[in-house]
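Participant: Below are the sequence and a predicted model; questions follow.
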Amino acid sequence: MAACFRYIVDDVNVAIEFYTKLLGFKLEMHPAPPFAEISHGDMHLYLTQPFRVGGGAPMPSGEQQRPGGWNRIHLVVEDLDATIANLKAAGGRFRNDIVQGVGGKQILLEDPSGNLIELFQPNTSEYRAPGSGSKTETR
């Protein structure tokens, strides 16, 4: 089963370019200007502009959906420092500096609309990427 997420973005075309050119996503479909689907492995990301119908429609209260916030997708990278340098050279914006945690180091990259992508480099051989199964011991 694929994991699917929706990000509200200011401009779908700008978001497509950012995710495909800088982060290796693949364009799956772009059937209408306010919507596209992109993928990275088994993860699918729906890019939706605020719109009068569909996934970007206003709430019943009239509140308009908008980009940003703190929810995020999480991408594992092999070399965080090199990834950051490449993204900065391409104009990437970061919300923080590198944070070292118990399992690795991470940084929060902003897409062109301010949505977050957590870039994570594990620092332990015990790390298992999501979906890789549970660690079991045979006796």
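Facilitator: That came in fine, so what should we check first?
Participant: just the CA coordinates of the longest helix out of those in the chain, formatted as CSV?
Facilitator: For the chain, the helix with the greatest residue count under DSSP state H is helix 12-23. Provided in CSV are the C-alpha atoms of helix 12-23 (Å, rounded to 0.1, in the frame of the first residue of the first chain):
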residue,chain,number,x,y,z
VAL,A,12,1.4,23.7,-8.6
ASN,A,13,3.8,24.2,-11.4
VAL,A,14,6.5,25.7,-9.1
ALA,A,15,6.0,22.9,-6.6
ILE,A,16,6.3,20.2,-9.4
GLU,A,17,9.6,21.8,-10.5
PHE,A,18,10.9,22.0,-6.9
TYR,A,19,10.1,18.4,-6.0
THR,A,20,11.1,16.7,-9.3
LYS,A,21,14.3,18.7,-9.9
LEU,A,22,15.6,19.1,-6.4
LEU,A,23,14.3,16.0,-4.5
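Participant: In the sheet, which strands lie alongside the helix or strand just after it, parallel or antiparallel?
Facilitator: Note on helix 12-23: by DSSP states H and E, the next helix or strand toward the C-terminus is strand 26-32. Partners of strand 26-32 in the sheet, by DSSP bridges, are strand 35-40 (antiparallel).
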